[in-house]
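Asker: quick one, fold the following:
(2 chains)
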Amino acid sequence: MPENGRGSSAPRESQAPESFEAFAQASQRRLYRTAYLLCGDPDMARDLTQTTLAKLFQHWRRASAADHMEAYARTVLTRTYLAERRRRLRDLMAHSRPDPRPAPDHTDLRVTLLSALAGLPPRARAMVVLRYWEDQSVESVAELLKCSPSTVKSQCSRSLAKLRVQLGEAHTYTTGS
Amino acid sequence: MEDNMPRDDHRSALLVTDAMERTVEELPPLQDLVPAAVAQGRRRRTRARLALAAGIACVAGAVVCGSLALAVGNDARTTVRPATSGTPSASASPDRVQEPEPYRTPVHIAPTSDGERATAHLPAAERKRRAEFQQRAAVLLDKLLPDAVGLIRPVDLEVWRYQAETADGTVFPVIFSVRPSGGGSGLKSCPADPGALKGGSCEQATLPGGIKAISLRVFADSAETMATEVHFPYGHSDVTLMVNPAQGARASAPVTGKELLAAAADPRFLELVRHADAHPMEKRQTSVEGG
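Answerer: Numbers count the residues shown, from 1 in each chain, chains lettered A, B, ... in the order given. Next comes the predicted model:
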């Protein structure tokens, strides 16, 4: 569904290189959405997206030569997020800097989802977002996160079980099956 | 998603995907990040090139040192000229003039005292004014301080608190305070007895406009790490610019007293100070000297 900005459906993955500005204009909203699911906070997502775009600008010659620029950008975004999370964990040793976790008793779906995602370890959260939002294959996620496909499968399965419990019965969903 | 996925996982995956789609639909509109990303990317590129070229870094250091005119008098007093920013000036690259500065997401630190809670509960307009000042200050300090200090962000707890973070995650607390003077003598000159610095050093200098300043390099947080600080009076305020050792006392502040003085001498920095002096954001000092 191109309109929801999800990765696998981006139409220009294999097109010829273009200017950074054109690519960034076309990609920023999709990256922002993915960043939001990773961070759970609009401001942090904006910061993460801007940093990702800045890194792409910095290495544009290499980035624009990539076979799949969208995938390249997604990799930069995810690794930047994980690096930032590692830094935050270190910061927490010295500061009481809380995650922007919403109140757990809130009934809004957005809040429930973000709260549930916030309960996952950063890498597991990244796996879930890449698999079920970006619609990436197990192999792609494994390559991006430098782990084995079986790790991705098992982590995703465990994460899904946790998310299912928290999203739970409040949000009845019809699978159509 | 895979067809061979267990039935429960398949249902859960659909549930999660649906929740994600609904969640991102509620996101507010995104401002155009491209101009700021280009500006930030250029700065990253510049920093990377400087880091790679050690020789260039040495030259840059020499330029910074050279910009300090050690000209006035035969004693330790110096006249400090503005720091070089390390990035091309606007006149050198006119296309950069219109680019917005990158937004610095403030570091959030939860208040732990009544004083800090009072800051957190300021009226929205005052919080906004302080946040805007901190953004300007963070971006400017980033330009004026050595790259080794890292990326500077405001700390939302207090208007005078900032935090610098290097690429490897080392965090240096930074203080930039323009505090209405309480009338005390404050730190205006180096102590007559060098022993009072306990192994540290102090230098007196004159900033543009004849402002008398001192810079200190003193041990802080541990017996092995040092902080660097500059103090000077301005208008009705006392100004402090300080880079503390890394959190956990892992490293000294990576900036010399001369470099910090050069940053303080920059006209853009003094303009920020002038603004903060004219429109105070901190409480008047009430401590008594020696108290």
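
Asker: tell me the phi and psi of the closest residue to chain A within the stretch 1-150 of chain B?
Answerer: When you check the stretch 1-150 of chain B against chain A by C-beta to the nearest C-beta, the closest residue turns out to be B:Gly41, at 2.9 Å. To be clear about C-beta, it is placed using only N, CA and C from the backbone, and glycine gets the same treatment. Reported as degrees, to the nearest 10, the phi and psi values for B:Gly41 are phi -60, psi -40.

Asker: does it really touch A:Ala63, like I thought?
Answerer: No. Using C-beta atoms under 8 Å as the test, B:Gly41 is too far from A:Ala63 to be in contact (10.8 Å).

Asker: count the neighbours of the closest residue to the residue of the stretch 1-150 of chain B closest to chain A other than its chain neighbours for me.
Answerer: Spatial nearest neighbour of B:Gly41, chain neighbours left out: A:Phe57 (2.9 Å); criterion: C-beta to C-beta, 6 or more residues apart in numbering or on different chains. Per other C-beta atoms under 10 Å in any protein chain shown, the neighbour tally for A:Phe57 reads 22.

Asker: element containing A:Phe57?
Answerer: According to DSSP states H and E, A:Phe57 maps onto helix A:42-58.

Asker: quick one: distance of the helix or strand harbouring A:Arg123 to the chain centre.
Answerer: Here A:Arg123 is covered by helix A:122-128, with elements defined by DSSP H and E. Going by C-alpha atoms, centre = their mean, to the nearest Å, the spacing between the C-alpha centre of helix A:122-128 and its chain's C-alpha centre is 8 Å.

Asker: buried ones in stretch B:130-138?
Answerer: Neighbour-count burial for stretch B:130-138 flags B:130, B:133-138 (criterion: 16 or more other C-beta atoms under 10 Å in any protein chain shown).

Asker: B:Val38 is in contact with the residue nearest to B:Gly41, correct?
Answerer: Yes. The criterion here is C-beta under 8 Å, and A:Phe57 meets it with B:Val38 at 5.6 Å.

Asker: let me see the ranges of the helices in chain A.
Answerer: Using DSSP state H, the helices of chain A run over A:20-39, A:42-58, A:60-64, A:69-92, A:109-118, A:122-128, A:138-145, A:149-167.

Asker: reformat those helices as CSV; add distance to B:Ala227 and mean pLDDT.
Answerer: Conversion of the helices of chain A to CSV gives the following (distance: least, C-beta to C-beta, whole Å; pLDDT from 0 to 100):
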stretch, distance to B:Ala227, mean pLDDT
helix A:20-39, 32, 93
helix A:42-58, 28, 90
helix A:60-64, 39, 86
helix A:69-92, 19, 83
helix A:109-118, 35, 84
helix A:122-128, 32, 93
helix A:138-145, 39, 91
helix A:149-167, 43, 89
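
Asker: columns distance to B:Gly169 on top of the ones you listed, output as a markdown table?
Answerer: What follows is the helices of chain A, written out as a markdown table (distance: least, C-beta to C-beta, whole Å):
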| stretch | distance to B:Gly169 |
| --- | --- |
| helix A:20-39 | 18 |
| helix A:42-58 | 15 |
| helix A:60-64 | 24 |
| helix A:69-92 | 5 |
| helix A:109-118 | 21 |
| helix A:122-128 | 15 |
| helix A:138-145 | 20 |
| helix A:149-167 | 24 |
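
Asker: which one of the ones you listed lies closest to B:Asp32?
Answerer: Nearest to B:Asp32, of all the helices of chain A, is helix A:20-39, at 7.5 Å by C-beta to C-beta.

Asker: does the helix holding A:Arg123 come close to chain B?
Answerer: Yes. Helix A:122-128 lies in contact with chain B when judged by C-beta under 8 Å from any C-beta of the partner chain; the contacting residues are A:Val128.

Asker: so what touches that helix?
Answerer: Here helix A:122-128 makes contact (C-beta atoms under 8 Å, 6 or more residues apart in numbering or on different chains) with A:38, A:78, A:81-82, A:85-86, A:117-118, A:120, A:141, A:145, A:152, A:155-156, A:158-160, A:163, B:16.

Asker: make it 7 Å
Answerer: Contacts to helix A:122-128, defined as C-beta atoms under 7 Å, 6 or more residues apart in numbering or on different chains, come from residues A:38, A:78, A:81-82, A:85, A:117, A:120, A:141, A:145, A:152, A:155-156, A:159, B:16.

Asker: list phi and psi for the closest residue to B:Ala253 other than its chain neighbours.
Answerer: Spatially, and ignoring its direct neighbours in sequence, B:Ala253 is nearest to B:Val243 (3.9 Å; C-beta to C-beta, 6+ apart). Per-residue torsions, B:Val243: phi -120, psi 120 (degrees, to the nearest 10).

Asker: B:Pro154 too?
Answerer: Backbone geometry at B:Pro154, expressed as degrees, to the nearest 10, gives phi -70, psi 150.

Asker: secondary structure element holding the closest residue to it other than its chain neighbours?
Answerer: Leaving aside its chain neighbours, B:Pro154 sits nearest to B:Gln134 (3.5 Å; criterion: C-beta to C-beta, 6+ apart). Taking DSSP H and E as the definition, B:Gln134 sits inside helix B:124-144.

Asker: other SSEs contacting that helix?
Answerer: With contacts taken as 3 or more C-beta pairs under 7 Å, 6 or more residues apart in numbering or on different chains; DSSP states H and E, helix B:124-144 sits against strand B:151-154, strand B:171-180, helix B:267-278.

Asker: A:Ser140 is in contact with A:Val152, correct?
Answerer: No. Between A:Val152 and A:Ser140 no contact is recorded; they are 9.2 Å apart, counting by C-beta atoms under 7 Å.

Asker: using PDB, write out the CA atom coordinates for the helix holding A:Arg123.
Answerer: Once side chains and other backbone atoms are set aside, the C-alpha atoms of helix A:122-128 remain, and they are given as PDB (Å, rounded to 0.1, in the frame of the first residue of the first chain):
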ATOM      1  CA  PRO A 122      15.400  -2.400  21.500                       C
ATOM      2  CA  ARG A 123      16.600  -5.100  19.100                       C
ATOM      3  CA  ALA A 124      13.400  -7.100  19.500                       C
ATOM      4  CA  ARG A 125      11.400  -3.900  18.900                       C
ATOM      5  CA  ALA A 126      13.400  -3.200  15.800                       C
ATOM      6  CA  MET A 127      12.700  -6.800  14.600                       C
ATOM      7  CA  VAL A 128       9.000  -6.400  15.100                       C
END
